[in-house]
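> This is a predicted model, with the sequence first.
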Amino acid sequence: MKTIFVETLGDSPQVKVLDFLIGFFAFDYSLIELSKNTKVSYSTLKYLLPKMLKRKLVIITKKVGKANLYKINVENRAVKHLMAFDWQMIKDDVLKNK
C-alpha cells in the first residue's frame, strides 16, 4: 500500500526515501536499513544519498563501524515544507473519509 505522499509525488526511489525518512524523522538509518524499509536497492541509495546530502535534505548523524547513519534534515526549509505538505495531505484524506 502506497502512502499519500508517494501516491501524490510518484513512486520514484527518491520520493520513497524522503517519505520514509519524513515518517520516521526522529530516527537514523543505515543504507541497509533504508534499502529494506523503502524497497529501494542498495546501489540506488548509494547513488541518491550523496545528492540528498549535497542539498542538505539528509544528514549523517553518526558512524557505526564503517556504516554511516542517515536522517532527514528537519532544519532544512525545503524539508520543513515537505513535512507540512505530507501532514496536510494526511489531514485532508482523513477529513475526506469521515
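Received, thanks.
> What distance do you get for the residue nearest to Lys2 when sequence neighbours are not counted to Gln88?
Distances taken as Cβ to Cβ, 6 or more residues apart in numbering place Asp11 nearest to Lys2, at 6.5 Å, with adjacent residues excluded. In this view, the C-beta of every residue, glycine as well, is placed from N, C-alpha and C. Applying Cβ to Cβ, to the nearest Å, the value for Asp11 to Gln88 is 20 Å.
> Over to Gly10?
Distance of Gly10 to Gln88, computed by Cβ to Cβ: 18 Å.
> where does Ala26 land in three-state SS?
Three-state assignment for Ala26 (DSSP: H, G, I helix; E, B strand; the rest coil): coil.
> For it, give me its contacts.
Listed by Cβ atoms under 8 Å, 6 or more residues apart in numbering, Ala26 has no contact partners.
> ok, now how distant is it from Leu82?
Using Cβ to Cβ, one gets 16 Å for the distance from Ala26 to Leu82.
> cool, Ile32 as well?
24 Å.
> what does Leu57 give?
Relative to Leu82, and taking Cβ to Cβ, Leu57 is found at 8 Å.
> okay, Ile32 and Leu82: which has more neighbours?
Leu82 (20 against 11; other Cβ atoms under 10 Å).
> If we ignore the residues flanking it in sequence, what's nearest Phe25?
Closest to Phe25 by Cβ to Cβ, 6+ apart is Ile72, at 5.0 Å.
> pLDDT at the one you found, what is it?
Ile72 carries a pLDDT value of 98.
> Distance of it relative to Ala84?
As judged by Cβ to Cβ, Ile72 and Ala84 stand 13 Å apart.
> what about these two, which has more around it?
With neighbours defined as other Cβ under 10 Å, Ile72 and Ala84 compare such that Ile72 has more, 25 against 10.
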